[in-house]
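next come a sequence and a model predicted from it.
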Amino acid sequence: MKPFAESCVENHAPILAVLRETFADRRLVLEIGSGTGQHACYFAPELPFLTWQTSDRAENHAGIHAWLSDSGVPNIRPPLVLDVRQKSWPIESADAVFSANTAHIMDWKAVAAMFAGVGRLLEPGGRFALYGPFNYGGSYTSESNARFDVWLKQRDPASGIRHFEEIQTLAAGAGLELLHDYPMPANNRTLVWRKRNE
């Protein structure tokens with residue numbers, strides 16, 4: 001049986017609207033943390049000019065393969081084994097990176113490693129789109145996000161909703177400049193950065 005995440009169904013249309021614009025002139029996108037594989041199977045056929053490279057830790061690959069096998073979408077690549085904390089990533093370059101609902105699941109060292117890795121991977125002008133909930137000015141943006149953060153920390157004290165300002169510091173250190181901060185349904189955001197020219 002294929003894994004299923006309800007959140008992927010709830011958010012895929014508004015994310016796609018952002019990706020159509022953000023990745024309009026891109027060719028190869030690395031998805032960090034493909035999870036169930038649902039996002040790849042929804043976005044790739046809607047963005048046929050892109051090659052969609054899935055990736056995740058090895059324990060999630062069976063589910064991704066199941067979704068990819070059923071989809072038959074030609075522009076999705078099978079998942080790479082990728083833990084963002086690896087010193088060497090299994091892909092040398094890309095002109096776009098996408099990740100959804102990962103920064104609040106990872107511990108902070110992994111979030112920092114993800115940004116450093118994206119900074120190394122992206123070509124100048126490359127784009128990084130990150131979807132999820134974020135805090136602003138040290139505060140939650142909604143009561144539901146506050147409750148969600150409590151749930152996350154009960155599950156794993158190292159996880160939790162990240163502060164936009166701290167994420168921005170990581171991005172700047174990785175050579176990324178913020179292009180857009182899109183409001184999304186259910187008190188989420190899609191943050192889009194561009195790799196600065198060297």
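Yes, it's here.

what's the burial count for the residue nearest to D107 when sequence neighbours are not counted?
Spatially, and ignoring its direct neighbours in sequence, D107 is nearest to A158 (3.7 Å; C-beta to C-beta, 6 or more residues apart in numbering). C-beta here means a position set from N, CA and C on the backbone, and glycine is covered the same way. Number of residues near A158 (other C-beta atoms under 10 Å) recorded here: 12.

could you check which helix or strand contains A158?
For A158, there is no host helix or strand (DSSP states H and E).

wait, it touches V111, no?
No - counting by C-beta atoms under 8 Å, A158 stays clear of V111, with 10.2 Å between them.

gap between the residue nearest to D107 and F134?
17 Å (C-beta to C-beta, to the nearest Å).

what's the longest helix in this protein?
Secondary structure of the chain per DSSP state H: the longest helix is helix 6-22.

longest strand in the chain, by residue count?
strand 122-132 (DSSP state E).

so what touches that one?
Under the contact criterion C-beta atoms under 8 Å, 6 or more residues apart in numbering, strand 122-132 has outside partners 11, 15, 18-19, 22-23, 26, 93-104, 118, 161-162, 167, 171, 176, 179, 184, 188-198.

parallel or antiparallel, list what pairs with that strand.
Here strand 122-132 has these sheet partners by DSSP bridges: strand 94-100 (parallel), strand 188-195 (antiparallel).

isn't there a helix covering T54?
No - counting by DSSP: H, G, I helix; E, B strand; the rest coil, T54 is not found in a helix; it is strand.

any idea how far it is from D25?
21 Å.

so those two - more neighbours on which side?
Higher neighbour count among T54 and D25: T54, with 28 against 10, using other C-beta under 10 Å.

residues in contact with stretch 1-15?
With C-beta under 8 Å, 6+ apart, stretch 1-15 has contacts from 35-39, 42-43, 63, 66-67, 70, 100-101, 131, 184-186, 188, 190.

narrow those residues to those in strands?
Using DSSP E, the contacts of stretch 1-15 in strands are A100, Y131, M184, N188, T190.

pipe those into JSON lines and attach neighbour count and distance to P78 per row.
JSON lines is the format used below for those (neighbours: other C-beta atoms under 10 Å; distance: C-beta to C-beta, whole Å):
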{"residue": "A100", "neighbour count": "24", "distance to P78": "19"}
{"residue": "Y131", "neighbour count": "23", "distance to P78": "23"}
{"residue": "M184", "neighbour count": "16", "distance to P78": "28"}
{"residue": "N188", "neighbour count": "22", "distance to P78": "28"}
{"residue": "T190", "neighbour count": "22", "distance to P78": "26"}
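
which non-adjacent residue is nearest D56?
D56 sits nearest to S34 (C-beta to C-beta, 6+ apart), 4.8 Å away.
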